[in-house]
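Asks: Okay, structure incoming, though there's no sequence with it:
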């Protein structure tokens, strides 16, 4: 068995929650994008080269007269600026993998991929770079696959996608609960929840994400010593 194939097989079970959420979200995007008059091929191409989750939904609104390239770039950056904080926390880890792998891992970073990269124990018999690459690649394939199905379905049958976007919210909840159950030290999760609530109250629902990320990073950096005992427990450790 090839090393990459082995890494893919080892990584797949960890990505199943992401699979469920991504298929529904990309299905909805495929329906919405096709309803705007674009072909299935354009929807697939966008999923491949613009791998940005919520940024892709926002981009659909850019394909109308009156929206400048500068406006599109600024809004996209603001929607996805949280990825800057993701990258800062993974610099040391990604520097251990090969250059080409690192480029794709940076490109393929999403909220769910970041969560899996940070919380999954890499099997001892699998190369770290190949395992991280497998998680990232599988998640993107889920996006592409769901888009294809959604685009084809919207051209064949009427489809009401109202409310399907809640699948992403449900996915975040599942990942958070899984992380909460696996960690022996839940200090980072508590910081995240409390910082989110505080910034939501102060800045409101439309402007709390960036201040929340800044506050979380600041608190965790100041209290880095409290993260040392926050390792992920394996099934053997939990059963012991």
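Replies: Looks like it arrived, so ask away. Everything numeric in this text was worked out from a predicted model, so none of it was measured.
Asks: From here on, just use CA atoms for contacts and neighbour counts.
Replies: Noted.
Asks: In three-state terms, how would residue 206 be classified?
Replies: Here residue 206 is recorded as coil under DSSP: H, G, I helix; E, B strand; the rest coil.
Asks: separation between residue 118 and residue 93?
Replies: Residue 118 is 10 Å from residue 93, where distance means CA to CA, to the nearest Å.
Asks: again but with residue 199, I slipped
Replies: The spacing between residue 199 and residue 93, counted by CA to CA, is 29 Å.
Asks: Among these two, which residue is more densely surrounded?
Replies: Between residue 199 and residue 93, counted using other CA atoms under 10 Å, the more crowded position is residue 199 (19 against 13).
Asks: quick one, what contacts the nearest residue to the more buried one once chain neighbours are set aside?
Replies: With CA to CA, 6 or more residues apart in numbering as the measure, residue 208 is the residue that lies nearest to residue 199, at 5.3 Å, once sequence neighbours are left out. With contacts taken as CA atoms under 8 Å, 6 or more residues apart in numbering, residue 208 has the following neighbours: 196, 199, 200, 202.
Asks: hmm, 10 Å instead?
Replies: By CA atoms under 10 Å, 6 or more residues apart in numbering, the contact set of residue 208 is 195, 196, 197, 198, 199, 200, 201, 202.
Asks: does the last one sit in a helix, a strand or a coil?
Replies: If I follow you right, that is residue 202. In terms of secondary structure, residue 202 is helix; the call rests on three-state DSSP.
Asks: Could you report the neighbour count for it?
Replies: Number of residues near residue 202 (other CA under 10 Å) recorded here: 12.
Asks: cool, the first one as well?
Replies: Residue 195: 21 surrounding residues under other CA under 10 Å.
Asks: what do you get for residue 151?
Replies: Count around residue 151 with other CA under 10 Å applied: 27.
Asks: Look up phi and psi at it.
Replies: For residue 151, the backbone dihedrals (degrees, to the nearest 10) come out as phi -70, psi -40.
Asks: Not counting sequence-adjacent ones, nearest residue to it?
Replies: Residue nearest to residue 151 in three dimensions, not counting chain neighbours: residue 30, with 4.3 Å by CA to CA, 6+ apart.
Asks: Counting by contacts, list what the lengthiest helix in the chain packs against.
Replies: Among the elements of the chain assigned as helix by DSSP state H, the one spanning the most residues is helix 3-35. In terms of contacts (3 or more CA pairs under 10 Å, 6 or more residues apart in numbering; DSSP states H and E), helix 3-35 is packed against helix 40-49, helix 54-60, helix 111-119, helix 128-156, helix 166-182.
Asks: Tell me which other helices or strands the longest one touches.
Replies: Just to be clear, that refers to helix 128-156. Packing partners of helix 128-156 (3+ CA pairs under 10 Å, 6+ apart): helix 3-35, helix 40-49, helix 82-94, helix 99-107, helix 111-119.
Asks: Recalculate using a threshold of 6 Å.
Replies: When contacts are defined as 3 or more CA pairs under 6 Å, 6 or more residues apart in numbering; DSSP states H and E, helix 128-156 packs onto helix 3-35.
Asks: List the buried residues in the helix it packs on.
Replies: Of the residues in helix 3-35, those scored as buried under the neighbour-count criterion (16 or more other CA atoms under 10 Å) are 4, 6-8, 10-11, 15, 18-34.
Asks: just stretch 194-213 next, same as before
Replies: Counting neighbours by 16+ other CA under 10 Å, one finds that the buried residues in stretch 194-213 are 195, 196, 199, 200, 208, 209, 210, 211, 212, 213.
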